[in-house]
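Asks: Take a look and give me a structure for this.
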Amino acid sequence: GHIMAELRSRVKQKKDPWGGDTKSDKDEKDNSENKPNNRETFPAYENCPATTAAGLFVITIVFTVYLLTMYPSVPGGDSGELIVAGCTVGLAHPPGYPLFTMLAILFHKLPFGSPAWRVNLLSVVLS
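Replies: The predicted structure is shown next:
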C-alpha cells in the first residue's frame, strides 16, 4: 500500500524510485549539446572520394570471392527446400522465410544459369 504510493509520488516528482534524483530534461539537453557529432570529430572523412573508392573496392573483392566460391547446384540441408520453394512459388517449412522466398522467385526469373545457381546467387547478393 504505502510503498507503492511512495514509488508513484517519486516518479511524479521525476525522482528515481529507488533513491536519488534523476536528471532533468534541461540537464540531458545540455549534455547532448556538449557532445561532438561525427562530422565535428572526423571532418576529413566527410565526402571523401578515397574512402568511398576503398569501400567499393572491398565490396567488389568480397562479392567476387563469394561468387567464385558459390555452390553451383543444390547443396545439402534446407537449401534444396528453399530453392524448390523459390522455383515453384511454394512454401518452405515453417517459418517459411517469406522474404527470401519472394526474392528467390525474382532471381529464378533471371535468364542465365540453372535454377539452383540463380537462387544461390541470391544468397551471394544478400551476403
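
Asks: Moving C-terminal from the lengthiest helix in the chain, which element do we reach first?
Replies: Looking across the chain with DSSP state H, the single longest helix is helix 49-68. Beyond helix 49-68 in the direction of the C-terminus, DSSP states H and E gives the next helix or strand as helix 79-88.

Asks: For the longest helix of the chain, enumerate the helices and strands it packs against.
Replies: Here helix 49-68 touches helix 115-126, going by 3 or more C-beta pairs under 8 Å, 6 or more residues apart in numbering; DSSP states H and E. Quick note: C-beta positions are derived from backbone N, CA and C, even for glycine.

Asks: Now for the chain, the helix or strand with the poorest mean pLDDT.
Replies: Here the helix or strand of the chain ranked lowest by mean pLDDT, DSSP states H and E is helix 25-34, holding a mean of 53.

Asks: Quick one: work out the angle between the longest helix of the chain and helix 115-126.
Replies: Per axes from the mean of the first three to the mean of the last three C-alpha atoms, to 10 degrees, the angle that helix 49-68 makes with helix 115-126 is 160 degrees.

Asks: which of the residues in helix 49-68 are buried?
Replies: In terms of neighbour count (16 or more other C-beta atoms under 10 Å), helix 49-68 has no buried residues at all.

Asks: Around T101, count how many other residues there are.
Replies: T101 has 17 neighbouring residues, counting by other C-beta atoms under 10 Å.

Asks: Now it: closest residue in space, sequence neighbours ignored.
Replies: In space, and not counting its chain neighbours, T101 is closest to A85: 5.0 Å by C-beta to C-beta, 6 or more residues apart in numbering.

Asks: what's the answer for L67, then?
Replies: Counting by C-beta to C-beta, 6+ apart, the residue nearest L67 is V124, at 5.6 Å.
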